[in-house]
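Colleague: Task: produce atomic coordinates for the following.
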Amino acid sequence: MGVAGDIALAVIGGTGVYRLAALEDAQALHIDTPYGAPSGPLRVGRLAGARVAFLARHGEGHALPPHRVNYRANLYALHQAGARRVLALNTVGGITERYGPRVLACPDQLIDYTWGRASTYWDGEGEPLHVDFGQPYTPHFRAQVLAAARAAGLEVVDGGCYGATQGPRLETRAEIARLRRDGCDLVGMTGMPEAGLARELGLEYACLAIVANWAAGCGEGDEITLEEVLENVAAASAGLPSLFRELLRNR
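Modeller: Residues are numbered from 1 along each chain as shown. I've put the predicted structure just below:
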């Protein structure tokens, strides 16, 4: 399968979402980029009669922690493959009341608390890239995602602020309290620099956040287990193929 092509939708899967089971006739597309190798092959196939690409952000065996993901290579590979719309699935913790476990949310803002990650395609030559990032998620694409969710009968919270932390450890209660004061509703480790890089490439980009657990100090109990996270992600993700189909019908 060649690199160039009309990809109607690209989906980036986060923790607990390592494949797109609804993808038909999927083939592995291996792409080399000027920024190194992406997290794994692009799985390109058909869904609802359209060409769709899927990429597991952490690798298909979850070998890459958030701070080791090659975000530049991932977005560039999707761009090279012909994607113009990217829907990012991000597994997150909930901070405020509307964002409990098993909730799906489509945030409209984010705050970047990460550090040391390659966060731009500018390599020091030519004019620096100063992209407009006041609305970090593409507004009309967000609207399409929300409309697709309604058509599919899925409840998705419209809006919210995603706080992107460095990881790979989870946050302290004091850190979550700070994020709450800053206005964050959700906390995750992969929202940036992914969103900023998508904007530099001119991609339409939206986030569908899958709430796996309450963040530290926000719910009952203290310990967050991987078993709990994966169970909640699986339950919240069950209706996503229907959302994808509706999104593709209205492209």
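Colleague: Can you dump the C-alpha atoms of the helix or strand containing Arg181 in PDB for me?
Modeller: Following DSSP states H and E, one finds Arg181 within helix 173-182. What follows is helix 173-182, C-alpha atoms only, in PDB (Å, rounded to 0.1, in the frame of the first residue of the first chain):
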ATOM      1  CA  ARG A 173      -3.100  15.200  45.400                       C
ATOM      2  CA  ALA A 174      -1.500  18.600  45.700                       C
ATOM      3  CA  GLU A 175      -0.800  18.600  42.000                       C
ATOM      4  CA  ILE A 176      -4.400  17.800  41.200                       C
ATOM      5  CA  ALA A 177      -5.600  20.500  43.500                       C
ATOM      6  CA  ARG A 178      -3.400  22.900  41.600                       C
ATOM      7  CA  LEU A 179      -4.800  21.700  38.300                       C
ATOM      8  CA  ARG A 180      -8.300  22.200  39.700                       C
ATOM      9  CA  ARG A 181      -7.400  25.800  40.700                       C
ATOM     10  CA  ASP A 182      -6.000  26.400  37.200                       C
END
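Colleague: pLDDT of that helix, averaged?
Modeller: For helix 173-182, mean pLDDT is 97.
Colleague: helix or strand right after it?
Modeller: Where DSSP H and E defines the elements, the next helix or strand beyond helix 173-182 is strand 186-188.
Colleague: And that next one, how far out from the chain middle?
Modeller: With Cα atoms, centre = their mean, to the nearest Å as the basis, strand 186-188 stands 11 Å off its chain's centre.
Colleague: avg pLDDT for it?
Modeller: Across strand 186-188, pLDDT averages out at 98.
Colleague: Any idea how far the very next helix or strand once past that strand is from the middle of the chain?
Modeller: Downstream of strand 186-188, the first helix or strand assigned by DSSP H and E is helix 194-200. Here helix 194-200 is found 11 Å from its chain centre; the criterion is Cα atoms, centre = their mean.
Colleague: No further questions, thank you.
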